[in-house]
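[1] attaching a predicted model along with its sequence, questions to come.
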Amino acid sequence: MSVVMLSVKVPDKYISQNLVKKLALFISGDVNSESMYDAYFYIDLATVILITSAIYFFTMKLFKKLRSK
């Protein structure tokens, strides 16, 4: 997971500003710098977990396939 976190870098580069504003408004009911940083964190965390889960799933599937041969 740490490798994925290091490779993703800064969420400002790949997350739309409009999406962050909408999520900040949904989470805290107000759009300010703190709520936007929270939204960036939540989106970044969800992205890292999703990518890590996909890598884990495909790796385990590959190991299972290699063991069965």
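    Nice, thanks for sending it over. Only a predicted model underlies this, so the values are computations on that prediction, with no experimental measurement involved.
[2] which helix is the longest one in this structure?
    helix 33-68 (DSSP state H).
[3] now it, how far from the centre of its chain.
    How far helix 33-68 lies from its chain's middle: 7 Å, per CA atoms, centre = their mean, to the nearest Å.
[4] need the residue closest to the centroid of this protein.
    Nearest to the mean C-alpha position of the chain, by CA atoms, centre = their mean, lies residue 47 at 1.5 Å.
[5] quick one: contacts for that one?
    8, 11 (CB atoms under 8 Å, 6 or more residues apart in numbering). For glycine as for every other residue, the C-beta is placed from the backbone atoms N, C-alpha and C.
[6] at 10 Å instead, please
    Contacts for residue 47 were tallied using CB atoms under 10 Å, 6 or more residues apart in numbering; they are 4, 5, 8, 11, 14, 15.
[7] okay, and the first one sits in which element?
    The reference is to residue 4. Using DSSP states H and E, residue 4 sits in helix 2-8.
[8] could you dump that helix to CSV, C-alpha only?
    Coordinates of each C-alpha in helix 2-8 appear next as CSV, following Å, rounded to 0.1, in the frame of the first residue of the first chain:
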residue,chain,number,x,y,z
SER,A,2,2.9,2.4,0.7
VAL,A,3,4.2,1.8,-2.8
VAL,A,4,0.9,2.9,-4.3
MET,A,5,0.7,5.9,-2.0
LEU,A,6,4.2,7.0,-3.1
SER,A,7,3.4,6.5,-6.7
VAL,A,8,0.1,8.4,-6.7
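[9] now what about it, what contacts it?
    By CB under 10 Å, 6+ apart, the list of residues contacting helix 2-8 from outside reads 14, 44, 45, 47, 48, 49, 50, 51, 52, 53, 54, 55.
[10] what's the average pLDDT for it?
    Per-residue confidence for helix 2-8 averages out to 72 on the pLDDT scale.
[11] now a PyMOL select for only the buried ones of the contacts of helix 2-8.
    Buried members of those can be picked out in PyMOL with the line below, counting by 16 or more other CB atoms under 10 Å:
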select buried, resi 44+47+48+51
